[in-house]
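# build me a model from this:
(2 chains)
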Amino acid sequence: MEVDDAAIVGEIRAGNVEAFRLLVERHSHALFRLAYRMTGNEQDAEDVVQETFMKAHRDMGRFEARSGVGTWLYRIGTNCALDLLRSRRRSAISESPAEDGQDDLLESLPAGDPAPDQAICNGEIRQRVAAALDGLSAAERAAFVLRHFQQMPIAEISRVMGLRENATKNTIFRAVQKLRGALEPLMGELR
Amino acid sequence: MMHVTEEQLILFHYGEDAERDQTQAHLAACAACRDAYEQLQRVLAVVDEAPVPERADDYAQAVWARLRPRLVASPAPHRAVVFPLRRWVWAGAMAATVILAFMIGRFWPRPQTLTSEPSAANVRERILLVAVGDHLERSQMMLVELVNAQPNDTFDLAREQVRAGDLLADNRLYRQAALRDGDRPMATFLGELERVLADVANRPTPLPAAEFELFRRGIEKNGILFKVRVIGADVRKREQAAAGDSLRPVI
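Numbers count the residues shown, from 1 in each chain, chains lettered A, B, ... in the order given. Predicted coordinates:
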């Protein structure tokens, strides 16, 4: 029988450190995926996961059961990733500009006008997508990842990021526009 | 006819368009906007292909191994500090309690009533489980710190050796108790842990970084840390079960 998160929280609050292990086992992989998508760096993502759990343990007394433990952890994880990104003051433009290597990449696509699905599986296109995400500013990347991958509503993203809703929307719009700018030339080739 | 803006299309795609029905109707009627929306969808579908490196199946365990010593070092949420004993004082007190419990178990006059006997045995078992659980927790902390240490040229084991020496003495006691109780799997495991603790306690120190690395890999390879964690969790479960039994009314 699986112990539910609420019961685990009760145990942790009662001082059972071992109970916290269950939360770690349940949420580490998903938190890593979120952190990686936000930071674009494996080591940073692992640091974010560690920091998230530390903060969650410290603030467990403040957790309110209105939202699930998972949602609460992802919110903490998002803030940890944002803090890390802010502290690094990553520039809006990636170190590997979109233009670089684009011709090479297109040349590397299989000849004979492959099916888009097949082309999408191409590892180099994945790299291109990763580079496009790296081209976003920290705020753009965070807002986009939360909306696109985490399906977090814009109102919630605004609360997490401390922005007004309109500012959040504009941040997401800018992110999508940049992604389109970087990826549409590829789409043209794939059609 | 007014076309749908890119911003509206993005909100529509994410289900956050306040005028969803109108946008949908417009897309059904306007080929240009429909093309623009399909193009947006294609780009966002490709974004889904953004790679995320997979973590190994034991990733969560690795996270926990790094996290646990930090959690133990930090105060637990809402834990009342009734007896602010230092950890080693507590450990000493526990060891003394266990020895006392053994002595009581051996020499205390047997109770005359049948109803109180299971309760006394249960209390003894529970005290032993609490002590072993605490011992395994402390052993795990020491091993985790060793495994995660990052030496420069050499690694000074002096501090760990003091801890390993204390743990070794306790470990012998618990192994003997397990043998006496006929718990062979526990005795075998404690024997294994004893060899690792003895190894830590008796290594020459400071240890050159290369030798420390071999030593560290040895600990990782024999899986003792994993066993300590799993058996420690099992002991805690047994401890909780024993606590439940002791609260059950004796019929």
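
# and the pLDDT at A:Ala45?
For A:Ala45, the pLDDT comes out at 94.

# right, and it touches A:Thr39 too?
Yes: using Cβ atoms under 8 Å, A:Ala45 is in contact with A:Thr39, at 5.3 Å. The way it works is simple: take the backbone N, C-alpha and C, and place the C-beta from them, glycine included.

# what touches both of these two?
Both A:Ala45 and A:Thr39 are contacted by A:Ala81, under the criterion Cβ atoms under 8 Å, 6 or more residues apart in numbering or on different chains.

# near chain A, which residues of chain B?
B:6-7, B:10-11, B:14, B:16, B:39-40, B:42-44, B:46-47, B:49-53, B:55, B:59-61, B:63-64, B:66-68, B:70-72, B:74, B:76-79, B:232-233, B:236 (Cβ under 8 Å from any Cβ of the partner chain).

# tell me the contacts of the closest residue to chain A within the stretch 151-251 of chain B?
Across the stretch 151-251 of chain B, no residue is closer to chain A than B:Arg236, which sits at 5.6 Å (Cβ to the nearest Cβ). B:Arg236 makes contacts with A:Glu18, B:Gly133, as judged by Cβ under 8 Å, 6+ apart.

# next one: phi and psi at it?
phi -60, psi -40 (degrees, to the nearest 10).

# so it versus B:Val228, what's the distance?
The spacing between B:Arg236 and B:Val228, counted by Cβ to Cβ, to the nearest Å, is 12 Å.

# check B:Asp199 too.
Relative to B:Val228, and taking Cβ to Cβ, B:Asp199 is found at 14 Å.

# and those two? Which one has more around it.
The residue with more neighbours, out of B:Asp199 and B:Val228, is B:Val228; 23 against 13, by other Cβ atoms under 10 Å in any protein chain shown.

# not counting its neighbours along the chain, what's nearest B:Ala36?
B:Leu9 (6.3 Å; Cβ to Cβ, 6 or more residues apart in numbering or on different chains).

# isn't there a helix covering that neighbour?
Yes: the assignment for B:Leu9 by DSSP: H, G, I helix; E, B strand; the rest coil puts it in a helix.

# that one and B:Gln41 touch, don't they?
No: contact criterion Cβ under 8 Å: B:Leu9 and B:Gln41 do not qualify, at 9.1 Å.

# neighbour-wise, which of those two wins?
B:Leu9 (21 against 12).

# list the contacts of that one.
Contacts of B:Leu9 (Cβ under 8 Å, 6+ apart): B:Thr23, B:Cys33, B:Ala36, B:Tyr37, B:Leu40.

# again, but for B:Gln24
B:Phe12.

# counting neighbours, what do you get for B:Asp21?
The burial count for B:Asp21: 8, using other Cβ under 10 Å.

# what strand or helix carries it?
Per DSSP states H and E: B:Asp21 is located in helix B:20-29.

# mind listing what's buried along that helix?
Of the residues in helix B:20-29, B:Thr23, B:His26, B:Leu27 count as buried by neighbour count, 16 or more other Cβ atoms under 10 Å in any protein chain shown.

# how about the residues you listed in JSON lines, adding pLDDT?
Formatted as JSON lines, these follow (pLDDT from 0 to 100):
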{"residue": "B:Thr23", "pLDDT": "93"}
{"residue": "B:His26", "pLDDT": "93"}
{"residue": "B:Leu27", "pLDDT": "93"}
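
# can I get the residues you listed in CSV with distance to A:Lys178?
Formatted as CSV, the buried residues of helix B:20-29 follow (distance: Cβ to Cβ, whole Å):
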residue, distance to A:Lys178
B:Thr23, 23
B:His26, 26
B:Leu27, 24
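
# nearest to chain A, of these?
When the buried residues of helix B:20-29 are compared against chain A (criterion: Cβ to the nearest Cβ), the nearest one is B:Thr23, at 15.2 Å.

# how about the residue lying closest to the closest one once chain neighbours are set aside, secondary structure?
With Cβ to Cβ, 6+ apart as the criterion, B:Thr23 has its nearest non-adjacent residue at 4.9 Å, and that residue is B:Phe12. Classification of B:Phe12 by three-state DSSP places it in helix.

# in chain B, what secondary structure element scores lowest on mean pLDDT?
helix B:87-107 (a mean of 52; mean pLDDT, DSSP states H and E).

# can you find the helix or strand in chain A with the smallest mean pLDDT?
Min over SSEs of chain A, mean pLDDT, DSSP H and E: helix A:102-108 (a mean of 33).

# let me see the domain layout of chain A.
Listed by automatic domain parsing, the domain ranges of chain A are A:1-89, A:92-191.

# export those as TSV, with columns for distance to chain B.
TSV is the format used below for the domains of chain A (distance: least, Cβ to the nearest Cβ, whole Å):
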stretch	distance to chain B
domain A:1-89	4
domain A:92-191	5
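
# any chance of those domains in JSON lines, plus mean neighbour count?
Below are these laid out as JSON lines (neighbours: other Cβ atoms under 10 Å in any protein chain shown):
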{"stretch": "domain A:1-89", "mean neighbour count": "18"}
{"stretch": "domain A:92-191", "mean neighbour count": "17"}
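
# pick out the shakiest of the ones you listed, pLDDT-wise.
domain A:92-191 (a mean of 72).

# quick one: residues contacting residue 158.
Because you didn't say which chain, this covers chain A. Counting by Cβ under 8 Å, 6+ apart, A:Ser158 makes contact with A:Arg164, A:Glu165, A:Ala167, A:Thr168.

# let's do chain B instead
B:Thr205.

# likewise for B:Phe226?
B:Gln61.

# so which helix or strand takes in it?
Assigned by DSSP H and E, B:Phe226 falls in helix B:224-247.

# what mean pLDDT does that helix have?
Here helix B:224-247 scores 76 as its mean pLDDT.

# export it as PDB, just CAs?
Output in PDB follows, covering the C-alpha atoms of helix B:224-247 (Å, rounded to 0.1, in the frame of the first residue of the first chain):
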ATOM      1  CA  ILE B 224      27.500  -1.300   2.700                       C
ATOM      2  CA  LEU B 225      26.000   2.100   2.600                       C
ATOM      3  CA  PHE B 226      23.000   0.900   0.800                       C
ATOM      4  CA  LYS B 227      22.600  -2.000   3.200                       C
ATOM      5  CA  VAL B 228      22.900   0.300   6.200                       C
ATOM      6  CA  ARG B 229      20.200   2.500   4.800                       C
ATOM      7  CA  VAL B 230      17.800  -0.400   3.900                       C
ATOM      8  CA  ILE B 231      18.300  -2.300   7.100                       C
ATOM      9  CA  GLY B 232      18.200   0.900   9.100                       C
ATOM     10  CA  ALA B 233      14.800   1.700   7.600                       C
ATOM     11  CA  ASP B 234      13.600  -1.900   8.400                       C
ATOM     12  CA  VAL B 235      14.800  -1.500  12.000                       C
ATOM     13  CA  ARG B 236      12.800   1.700  12.200                       C
ATOM     14  CA  LYS B 237       9.700   0.000  10.900                       C
ATOM     15  CA  ARG B 238      10.100  -2.800  13.400                       C
ATOM     16  CA  GLU B 239      10.600  -0.300  16.100                       C
ATOM     17  CA  GLN B 240       7.300   1.400  15.200                       C
ATOM     18  CA  ALA B 241       5.600  -2.000  15.100                       C
ATOM     19  CA  ALA B 242       7.000  -2.800  18.500                       C
ATOM     20  CA  ALA B 243       5.800   0.600  19.800                       C
ATOM     21  CA  GLY B 244       2.300  -0.200  18.400                       C
ATOM     22  CA  ASP B 245       2.300  -3.500  20.200                       C
ATOM     23  CA  SER B 246       3.300  -2.000  23.500                       C
ATOM     24  CA  LEU B 247       0.300   0.300  23.300                       C
END
